[in-house]
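Asker: Generate a structure from the sequence data that follows.
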Amino acid sequence: MSYRDAASRRQWFEQRLEPLMDRLYGTALRLTRHPDDAEDIVAEAVGKAWTRLDKLRDPERFEAWLFHILTNTFISEWRRRQSRPQAPGGNEPPSPDDLDTGDFTLFQQLHQPFLLWWGSLEEQFFNSLLQEDLQRALDALPDPFRVTIVLVEVQGYTYDEVSRLLGIPLGTVRSRLNRARARLQKTLWEQAREAGVTPHHPGQGGPRS
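Answerer: Residues are numbered from 1 along each chain as shown. Predicted coordinates:
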């Protein structure tokens, strides 16, 4: 990309950045769980994007390019933290087989895949939950599982891309996703029951509260 002058360059950047800031922060918060860390990740990603702006060949891809920088910024920091030696008695991240989900799945309850509920009983059920419930359920996941499911379900990365980003085998990506989805589904279902939302079985009408 070329610009008439430095002022034009900054104006172009700021005009395209401003409408994305809320989404950038929201994505960073899902990944980090901590507001201060999310702000740091966003600030670092924006700084990197500004210094690398000349490398953006297609201006129409600015949004995707910026979110890719955000993701890589988070992953770099996250992997550094993961590689630090654990203090004696420190908590090791659970392995996929250690994440307690039992046999629960919403497939059995609602017969639809997670996050694909549109125009159906499942959409009514999902919409009856507060957004805070979903965020709380995501935050409760151990880091390796939360990061994996956010990258795939929220940011739309493929399994292969997540495997490369996190430096883990493809099979581990799949295993973590399966366990994370099951835990998330179970948590949301329990939250719905506590809130008095008790969906009927398909064919018996919609959920009641």
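Asker: and the nearest residue to residue 134 once chain neighbours are set aside, how many residues sit next to it?
Answerer: Nearest residue to residue 134, sequence neighbours excluded (C-beta to C-beta, 6 or more residues apart in numbering): residue 188, at 6.9 Å. Yep, even glycine has a C-beta here, placed from its N, CA and C like the rest. By other C-beta atoms under 10 Å, 21 other residues sit near residue 188.
Asker: Quick check: which ranges of this protein have low pLDDT?
Answerer: 1-4, 84-131, 195-209 (pLDDT under 70).
Asker: Show me which helix runs longest in it.
Answerer: Longest helix in the chain by number of residues, with DSSP state H as the criterion: helix 170-194.
Asker: What helices and strands are in contact with the helix or strand residue 165 falls within?
Answerer: Assigned by DSSP states H and E, residue 165 belongs to helix 159-166. Here helix 159-166 touches helix 62-83, helix 143-149, helix 170-194, going by 3 or more C-beta pairs under 8 Å, 6 or more residues apart in numbering; DSSP states H and E.
Asker: Okay, angle between it and helix 170-194 too, please.
Answerer: Relative orientation of helix 159-166 versus helix 170-194 (axes from the mean of the first three to the mean of the last three C-alpha atoms, to 10 degrees): 100 degrees.
Asker: just to revisit the earlier point, and the helices and strands packed on helix 159-166 as a markdown table, adding distance to residue 30?
Answerer: Converted to a markdown table, these look like this (distance: least, C-beta to C-beta, whole Å):
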| stretch | distance to residue 30 |
| --- | --- |
| helix 62-83 | 10 |
| helix 143-149 | 8 |
| helix 170-194 | 12 |
